[in-house]
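Asker: sequence first, predicted model second:
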Amino acid sequence: MESMPDIRIILVRPQHPGNIGACARAMKNMGLKHLVLVAPQRLPDDEAMARAAGAGDILSAATIVADVGAAVADCVFVAATSARARTIAWPRLDARAAASVACAQARSGPVGILFGAERTGLTNEEVDYAHVLVQIPVDPGFASLNLAAAVQILCYEIRCAVQEPAPGPGPEPEHRPAPQEALNGFLQHLERVITAIGFLNPHHPRKLMRRLTRLFRRARPDDNELQILRGILSAIEHPYPARGGPRPGPDNT
Ligand code: SAH
């Protein structure tokens with residue numbers, strides 16, 4: 001069997017330590033190792049260890065971070081799982097398709113799969129970090145799975161996808177999308193500039209930044225492309241001739 005891809009399971013604000021342990025176990029059964037906990041309510045915890053059964057090593061090695069941004073900073077691809085349909089149109093995949101895409105993307109760098117808190121799920125702002133929304137097909141009359149059950153299904157599908165790589169090309173080898181941290185830095189810069197020039201009214205932002213976020217996540221710019229975009233923003237902030245000297249042209253090579 002091919003080695004398991006670098007796909008991390010990210011639990012956002014998990015409430016029940018028992019569920020965290022059960023997730024660690026679900027991951028280890030399927031050969032996944034990297035668990036990330038975003039602001040867990042309680043940990044370390046005996047109940048989590050007990051439910052992890054033989055997967056205490058995954059739990060002990062879990063990375064703990066304060067927010068989703070930190071959890072996905074170095075990821076090249078992020079998927080958000082949700083039991084609910086969301087109002088904003090986000091690219092949607094079922095668990096099987098998502099697992100196959102995640103495995104293909106993991107060839108270019110780390111991939112993260114976000115899972116929401118038991119009671120509330122993920123917020124829209126947290127979903128904004130993702131490239132795709134993942135729904136596990138279920139009975140629409142009772143769509144919400146237990147957190148660890150949802151993790152189990154995704155991890156199982158990832159294992160199946162590794163065993164049977166999807167036909168068709170993976171990501172183009174020459175395209176290396178920039179990590180999320182760099183893309184988010186650009187998006188913050190963009191928001192600053194379009195606010196300063198009056199295009200974005202902070203009192204009536206509507207969904208402008210969310211739509212722009214979606215556009216740039218879909219485009220998946222690489223480092224060089226982000227540098228060009230940031231160069232344009234800097235030029236708007238400090239227009240010629242204020243900078244002095246001839247402006248260097250973009251590196252279009
Ligand atoms: N009450 C919450 C559901 C939380 S269930 C809500 O309405 O959003 C906890 C987490 O398990 C969810 O945030 C999601 O990450 C995952 N999950 C549960 N059911 C799912 C489903 N049918 N498809 C995809 N993910 C699901």
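Answerer: That came in fine, so what should we check first?

Asker: name the element the most centrally placed residue in the chain belongs to?
Answerer: Central residue of the chain (C-alpha atoms, centre = their mean): residue 78, 2.6 Å from the mean position. Secondary-structure assignment from DSSP states H and E places residue 78 in strand 77-81.

Asker: from the contact counts, what lies against that strand?
Answerer: helix 95-105, strand 111-115, strand 132-135 (3 or more C-beta pairs under 8 Å, 6 or more residues apart in numbering; DSSP states H and E). The C-beta positions use only the backbone N, C-alpha and C, and glycine is treated the same way.

Asker: got the buried residues for the last one?
Answerer: Same thing as strand 132-135. 132-135 (16 or more other C-beta atoms under 10 Å).

Asker: run through the residues that contact the residue lying closest to residue 52 once chain neighbours are set aside.
Answerer: Using C-beta to C-beta, 6 or more residues apart in numbering and skipping the chain neighbours, the partner closest in space to residue 52 is residue 21 (3.8 Å). If you count contacts by C-beta atoms under 8 Å, 6 or more residues apart in numbering, residue 21 has them with 47-53, 55, 59.

Asker: ok, now how distant is the residue nearest to residue 105 when sequence neighbours are not counted from the ligand?
Answerer: Closest residue to residue 105 apart from its sequence neighbours, by C-beta to C-beta, 6+ apart: residue 77 at 3.7 Å. Going from residue 77 to the ligand by C-beta to the nearest ligand atom, to the nearest Å gives 17 Å.

Asker: returning to that earlier point: give me the sheet partners of the strand holding residue 78 and which way each runs.
Answerer: If you go by DSSP bridges, strand 77-81 pairs up with strand 111-115 (parallel), strand 132-135 (parallel).

Asker: mean confidence score for that strand?
Answerer: For strand 77-81, mean pLDDT rounds to 96.

Asker: same question for stretch 211-220.
Answerer: For stretch 211-220, the mean per-residue pLDDT is 92.

Asker: who touches that stretch?
Answerer: The contact list for stretch 211-220 (C-beta under 8 Å, 6+ apart) reads 76, 88, 90-91, 128, 130-131, 175, 177, 183, 186-187, 190.

Asker: and it, what's buried?
Answerer: Residues 213-214, 216-217, 220 are the ones in stretch 211-220 that count as buried (16+ other C-beta under 10 Å).

Asker: next, residue 234: secondary structure please.
Answerer: Per DSSP: H, G, I helix; E, B strand; the rest coil, the local secondary structure of residue 234 is helix.

Asker: and the closest residue to residue 119 other than its chain neighbours, how far from residue 58?
Answerer: Closest residue to residue 119 apart from its sequence neighbours, by C-beta to C-beta, 6+ apart: residue 15 at 6.6 Å. Distance, residue 15 to residue 58, by C-beta to C-beta, to the nearest Å: 19 Å.
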